[in-house]
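# here are the coordinates; sequence isn't available:
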C-alpha cells in the first residue's frame, strides 16, 4: 500500500470516528446532539447537490425541490398512510427521485446558466404547489401532525423519538448507507464517465459517451439521494416546510458544497457543519446571522477557491 | 475494401457553401491527408465525417453502412475516433486515467456501477500497451494538463486508440508545435500507420509533414475538391500550385 493510500485510510477512519462519537464530543463543546443530526442531514443534501456539481460539473439551483418533495413524501406517509419510519423514508426518496427523473429529461439538454435557470424554474413550481395546496400540504403553515415512529426490529423497538442519541445513530446509519452508495458509484466506470463529462464534455462525447443520457442518470441519482435527505429532514423536525422547496434553500445547499470544497467527497459535509453551527450560534445573537455566513462564504470563495477542505488538503500536502 | 466512402457531400450555412459536392474514398490501411488554404472547408469537412452536424446533401458510408444521420457518439461506437486541432483531454486526470476512461467506454462498461477484478486487470493491461505504443509509459501517473504539448497530443491520440478505431481522424495533429514536437508527433503517426496499420485521415498545414506521411493527398479549395493523388502527383499539379500561390499573393 502506498503512503498516499494509507493517508487516505487514516483520514477516512478519523472522519467516521468523529461522526460515531459526535454525541460525546459535541455536548462538552457547548453543542447538542440534535445539532449534529441536522449537520448530517443537511450535509447529506449538500453532498447530493455536489454529486452533480462537483463530479458531473453541472450546477442545479433547484435541488431543494427534490429535498422538499422527500420531506413532504415522508410527512404525508406518516400522517395519512402508515406509522412506519422506514416506509416514510422510502416513499419520500421515491417521490423526490421520480420527480427528478421526469423533469431531468427536460433539463439535461441545457448547459451552464440555462441549466441552472431551468432547475430553478421547475423547483419553484413545486414550491408554489406546496404553498397553495393547503388542504394537503398545510400551505404556508407547513405540514404538521406527524412524528417519526419507533423502529420495530421484531425482538425490540428502537425509540428514535424521545432519545436524541438513538435518533442520531439512526440518522448516521442512513447517512452511511447513502454516502456509501455515492462513493461506490463515483469509483465505478459510470462514475468515471461523470468525471469525464465534468473535465471535458466535448472529449467525452467523442469517446462515445452519450453525454445527455449520462447527465440524466447522474441528475436522477442525485435527486434520489436528495429525496432521501429531505425525508430524513422531515423526521428531524416532525414537520415539512414549503420553504424547504424554495430556491433560496437550493442556494444554501450550493453554498455549503462550495464552501466546504466541491471537488472533494467530504467537503460539502464540512460546509454544512460550518453553516449549521454558525447559524445555530449566530442566530441566538443577531437576526442578521446570514450576513456573517455570507461574509465567510465570500472570503472562502476569494481566498480558498477549492473550499475549506481543499485548503486543508493542500496545506497538508 | 473502403473504410470510408463520402459521396457528393455538400454543407451550406445559410448562403455560404462551406463544402461543395465533395467525394472521397478511403481504403483500409490508407493514410489520406487533406490540405488546402485557410477557409477551404477542411474543418467543416472533418466535422461532417465525425458527425458534428449532418450534411445538407450527399451521404457518408462507414464500414459499409450509411452513417449520414448518426450522432457523434454512435459513430464513435462504430469505430470512428478523432482528435482536435486544440487538444481535447481531461487535464486534471492522469495520463493513465485519461486512457482508462476511453478503454472502459470502448469495452462497454460505461453504464456499469462496478467492474470485476479480472476485467479491471485486462483493461489496465490494454491501457499500458497503448501507452507504450505512444511512448507515454513513463508518464502514466502525471496529470495530462501538466505535460508538454507534444505529450498531450500523444495522450489524446492514445485515448483515440483505446477506442479500437477502424478509422482515425486527426485534425492538425502538429498545430502550434515547435520542430522537435512536430517531429515527435509525426514519427508517432508514421508508426501507427506503417507498423500498426491504422487507417488515418488527417488535416495538416505543415507540408513537410504531409508529404512525409501521406499515401494520398486531397486538396480542398473554396469547399471543392481541387485535386487528389499521390504526393508526387500533387507536387506536380499546376492547379494546386495556382491555388496556393494565388492565395499567397
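Nice, thanks for sending it over. These numbers were taken from a predicted model, which means no experiment stands behind them. Numbers count the residues shown, from 1 in each chain, chains lettered A, B, ... in the order given.

# Which stretches in the chain count as strands?
Just going to use chain A. A:151-152, A:157-158 (DSSP state E).

# look at chain B instead
Using DSSP E, strands in chain B cover B:2-13, B:16-27, B:31-35, B:57-62, B:65-66, B:80-83, B:167-171, B:200-203, B:216-221, B:224-229.

# which secondary structure elements does the longest helix along chain A contact?
In chain A, taking DSSP state H as the definition, the longest helix is helix A:211-237. On a contact count with 3 or more Cβ pairs under 8 Å, 6 or more residues apart in numbering or on different chains; DSSP states H and E, helix A:211-237 meets helix A:33-53, helix A:64-76, helix A:85-107, helix A:164-186, helix A:189-199, helix A:201-205. Placement of C-beta: from N, CA and C, glycine included.

# any idea of the mean pLDDT in stretch B:76-95?
In this model, stretch B:76-95 has an average pLDDT of 92.

# Do me a favour and get the end-to-end distance for it?
21 Å (Cα to Cα, to the nearest Å).

# Could you say which of the strands of chain A is packed most deeply?
strand A:151-152 (a mean of 14; mean count of other Cβ atoms under 10 Å in any protein chain shown).

# what pairs with that one, and is each one parallel or antiparallel?
Counting by DSSP bridges, the strands paired with strand A:151-152 are strand A:157-158 (antiparallel).

# ok so, going back, reformat the strands of chain A as a markdown table; add mean pLDDT.
Formatted as a markdown table, those follow (pLDDT from 0 to 100):
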| stretch | mean pLDDT |
| --- | --- |
| strand A:151-152 | 80 |
| strand A:157-158 | 81 |
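
# could I get these as a markdown table with distance to residue A:102?
Output for the strands of chain A, formatted as a markdown table (distance: least, Cβ to Cβ, whole Å):
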| stretch | distance to residue A:102 |
| --- | --- |
| strand A:151-152 | 31 |
| strand A:157-158 | 35 |
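
# Can you give me the distance of the most centrally placed residue in chain A to residue A:254?
For chain A, residue A:45 is the residue whose C-alpha lies nearest the centre (Cα atoms, centre = their mean; 0.4 Å). Distance, residue A:45 to residue A:254, using Cβ to Cβ, to the nearest Å: 11 Å.

# What of residue A:100?
16 Å.

# again with residue A:62
On the measure of Cβ to Cβ, residue A:62 and residue A:254 end up 10 Å apart.

# The closest residue to residue B:86 other than its chain neighbours and residue B:13, how far apart?
Spatial nearest neighbour of residue B:86, excluding adjacent residues (Cβ to Cβ, 6 or more residues apart in numbering or on different chains): residue B:175 at 7.5 Å. Noted for residue B:175: a distance of 23 Å to residue B:13, by Cβ to Cβ.

# In terms of neighbours, single out the busier of these two.
The neighbour count for residue B:175 versus residue B:13, taken as other Cβ atoms under 10 Å in any protein chain shown, is higher for residue B:175 (18 against 11).

# Hmm, residue B:205 and the residue nearest to residue B:86 touching each other?
Yes - using Cβ atoms under 8 Å, residue B:175 is in contact with residue B:205, at 7.0 Å.

# what's the burial count for the closest residue to residue A:132 other than its chain neighbours?
Among residues not flanking residue A:132 along the chain, residue A:139 sits closest, at 6.8 Å (Cβ to Cβ, 6+ apart). Residues lying near residue A:139 (other Cβ under 10 Å) number 14.

# What residue spans form the domains of chain B?
B:2-79+B:165-248, B:92-163 (automatic domain parsing).

# Would you map the helices across chain B?
Under DSSP H, chain B gives helices at B:42-50, B:72-77, B:95-106, B:117-133, B:149-162, B:179-194, B:207-213, B:231-236, B:238-248.

# I'd like to know which of these is closest to chain A.
Among the helices of chain B, helix B:72-77 comes nearest to chain A, with 3.4 Å by Cβ to the nearest Cβ.

# The closest one near chain A anywhere?
Yes - residues of helix B:72-77 contacting chain A under Cβ under 8 Å from any Cβ of the partner chain: B:72-73, B:76-77.

# got a list of contacts for that helix?
Helix B:72-77 is contacted by residues A:205-211, B:50-52, B:62, B:67, B:163 when judged by Cβ atoms under 8 Å, 6 or more residues apart in numbering or on different chains.

# Tell me the one of those nearest residue B:23?
residue B:62 (14.6 Å; Cβ to Cβ).

# ok, that closest one touching residue B:80?
Yes - between residue B:62 and residue B:80 there is a contact at 6.3 Å, judged by Cβ under 8 Å.

# Quick check: neighbours shared by those two?
In contact with both residue B:62 and residue B:80: B:166-167, using Cβ under 8 Å, 6+ apart.

# quick one on the thing from earlier: residue A:62 and residue A:254: which is more packed in?
Comparing residue A:62 with residue A:254 by other Cβ under 10 Å, the one with more neighbours is residue A:62, at 27 against 23.

# and the residue of the stretch 201-317 of chain A at minimum distance from chain B, backbone torsions?
Ranked by Cβ to the nearest Cβ, the top residue of the stretch 201-317 of chain A for proximity to chain B is residue A:208, at 3.4 Å. The phi/psi pair for residue A:208 (degrees, to the nearest 10) reads phi 90, psi 20.

# In contact with it, which residues?
Per Cβ under 8 Å, 6+ apart, neighbours of residue A:208: B:73, B:76-77, B:105-106, B:110, B:163.
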